[in-house]
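K.L.:
Okay, sequence plus prediction incoming.
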Amino acid sequence: MSSFSLWAAAAVTLTIGLASTAYLWSYRRHRTEVSTGIAGLAKMRWREFARLIVEALRERGFEAESVEESLARGTQAELRLLRAGKPWLLSCKLGDADYKVSAATVAELADAVRFNGASGGLLVTTGRFDGHSERVADGLDLYSGETLWELVEPLLPASTRHEVIAAAQKRSIQTIVAAWAGAIVLGLIVGFVVPHLLPSAPPVAAPATETAAAAAPAVRDGGDVAPVPADAAPAAATPPPAATPAPADDVAAPADDQAADVQPAVPARPAAAAPAASGASANPAADRAHVIRAIAGLSGVERALWSTPSNLLIYRLTEAGKQDIDSICEVLDRYPELRSSRVQLQPPPGSTTRVRFFQCRAY
């Protein structure tokens with residue numbers, strides 16, 4: 001038996017390499033592009049960053065109210081915006097990838113919205129929101145990570161976008177090369193291990209040979225055939241003894257006695273059915289990607305994305321009714337880890353409806 005299994009090594013290498021390439025290029029590359037772009041935004045000055053956000057929000061129906069006066073109040077001041085004639089408050093927080101906006105900061109903006117009688121508030125950061133921020137974000141829209149990048153990317157210069165995309169592609173290619181190297185190493189290990197795990201083939205027994213001289217009669221020098229001893233004659237040459245006729249009584253034995261000797265066939269026990277395979281996924285990131293694709297295909301939905309691991313942001317083309325909400329919950333109910341996620345419905349462009357938050361299932 002060979003000490004190396006080429007087919008096992010090739011199968012493992014190709015499976016891991018192709019799967020890693022598909023994941024890193026189609027899914028992880030976009031996340032790398034977002035993180036690279038957000039890192040570039042974090043290097044801006046606060047005033048430049050605030051102006052960029054205000055310009056980006058104009059595309060969503062917001063108008064700045066006294067931008068210069070609002071900016072003059074400092075980095076802790078809220079910018080005042082108007083949407084459909086109603087006031088909104090905007091707060092911008094700059095920081096690197098490790099910067100976290102605390103729940104207290106989010107609650108402070110929510111209190112400012114209620115104190116000023118505003119219709120809502122927007123909190124934008126280049127960092128992250130902590131796990132408790134969303135619970136106190138009553139009437140606020142939170143932008144960070146992918147949601148922030150989608151907001152400002154159309155306003156960036158083409159050269160800046162190309163630099164971000166090129167940097168993300170370079171990092172993705174480096175990661176893919178490392179993944180293929182790991183796949184090759186693992187394939188070689190499997191190629192050497194598999195032959196030792198396979199059972200050895202049993203030795204083939206040599207067929208019994210019969211010599212023709214033992215069965216053939218001996219020939220004398222004169223050409224006469226020597227007689228074969230009686231004890232060497234084959235048993236098959238002996239004629240079988242004549243069958244003794246059975247008595248009439250035995251021939252006429254009752255059919256019931258003959259049937260009694262016949263044993264009834266025992267029915268075979270049916271094989272136990274194999275248990276059904278569980279449909280639960282052990283990859284939360286893959287489940288979130290499935291949810292986004294499923295909800296994006298629903299009627300009246302422009303696009304969907306996860307603004308945070310527990311907040312699903314859905315942009316609507318039409319007003320959402322009860323049937324639309326039931327369809328969204330039906331998709332989330334398929335994933336036990338995501339069914340209690342918070343859903344944020346963005347109204348369609350030009351609508352005066354407020355942003356809606358709901359949960360399909362309680363914690």
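P.N.:
Now that the structure is in, tell me what you want to look at. No experiment lies behind these values; they were computed from the predicted model shown.

K.L.:
contacting residues around the residue nearest to residue 17 when sequence neighbours are not counted?
P.N.:
Nearest non-adjacent residue to residue 17, counting by C-beta to C-beta, 6 or more residues apart in numbering: residue 183, 4.1 Å away. All C-beta atoms are positioned from the backbone trio N, CA, C, and that covers glycine. Residues near residue 183 by C-beta atoms under 8 Å, 6 or more residues apart in numbering: 12, 13, 14, 15, 16, 17, 20.

K.L.:
buried residues in the one helix or strand residue 183 maps to?
P.N.:
Secondary structure assignment for residue 183, by DSSP states H and E: helix 158-197. By 16 or more other C-beta atoms under 10 Å, the buried positions in helix 158-197 come out as 164, 167-168, 171-172, 175-176, 179-180, 183, 186-187, 190-191, 194.

K.L.:
How many residues are close by the closest residue to residue 93 other than its chain neighbours?
P.N.:
Spatially, and ignoring its direct neighbours in sequence, residue 93 is nearest to residue 125 (3.9 Å; C-beta to C-beta, 6+ apart). Neighbourhood size, residue 125 [other C-beta atoms under 10 Å]: 24.

K.L.:
Please report the distance of residue 125 from residue 46.
P.N.:
Separation of residue 125 from residue 46 (C-beta to C-beta, to the nearest Å) stands at 12 Å.

K.L.:
shared neighbours of those two, anything?
P.N.:
Contacts common to residue 125 and residue 46, judged by C-beta under 8 Å, 6+ apart, are 92, 94.

K.L.:
Nearest to the spatial middle of the chain, which residue is it?
P.N.:
By C-alpha atoms, centre = their mean, the chain has its centre lying nearest to residue 286, at 3.2 Å.

K.L.:
what's in contact with the host helix or strand of that residue?
P.N.:
Element membership for residue 286 (DSSP H and E) is helix 284-296. Here helix 284-296 makes contact (C-beta under 8 Å, 6+ apart) with 27, 281, 301, 303-306, 309, 312, 314, 328, 331-332, 335, 337-338.

K.L.:
Can you list the buried residues in it?
P.N.:
Neighbour-count burial for helix 284-296 flags 287, 288, 290, 291, 292, 294, 295 (criterion: 16+ other C-beta under 10 Å).

K.L.:
Which is the succeeding secondary structure element to that helix?
P.N.:
Sequence order places strand 301-308 as the next helix or strand after helix 284-296, per DSSP H and E.

K.L.:
the helices in the stretch 101-250 of the chain, which residues?
P.N.:
Using DSSP state H, counting those that start in this stretch, the helices found in the stretch 101-250 of the chain span residues 103-116, 133-136, 146-152, 158-197, 212-215, 248-251.

K.L.:
gap between the first one and the chain center?
P.N.:
Okay, so that is helix 103-116. Remark: helix 103-116 is offset 38 Å from the chain centroid, using C-alpha atoms, centre = their mean, to the nearest Å.

K.L.:
so what secondary structure elements neighbour that helix?
P.N.:
Here helix 103-116 touches strand 86-93, strand 120-125, helix 133-136, strand 140-143, going by 3 or more C-beta pairs under 8 Å, 6 or more residues apart in numbering; DSSP states H and E.

K.L.:
looking at those, which one has the lowest mean pLDDT?
P.N.:
Ranked by mean pLDDT, those bottom out at helix 133-136, with a mean of 81.

K.L.:
what's it packed up against?
P.N.:
Short answer (3+ C-beta pairs under 8 Å, 6+ apart): helix 133-136 packs on helix 103-116.

K.L.:
what does the helix it packs on contact?
P.N.:
Against helix 103-116 from outside (C-beta under 8 Å, 6+ apart): 78, 87, 89, 91, 93, 118, 120-121, 123, 129-130, 132-133, 135-140, 142.

K.L.:
among those, which ones are buried?
P.N.:
Among these, those classed as buried by 16+ other C-beta under 10 Å are 78, 87, 89, 91, 93, 118, 120-121, 123, 129, 133, 136-137, 140, 142.

K.L.:
Closest to residue 354 out of the residues you listed?
P.N.:
residue 120 (6.5 Å; C-beta to C-beta).

K.L.:
Might one say that that closest one is in contact with residue 141?
P.N.:
Yes. The pair residue 120 / residue 141 is scored as a contact, 6.8 Å apart, by C-beta atoms under 8 Å.

K.L.:
shared neighbours of the two, which are they?
P.N.:
Counting by C-beta under 8 Å, 6+ apart, the residues touching both residue 120 and residue 141 are residue 355.

K.L.:
For the stretch 151-300 of the chain, give me the ranges with low pLDDT.
P.N.:
For the stretch 151-300 of the chain, applying pLDDT under 70 flags the ranges 199-281.
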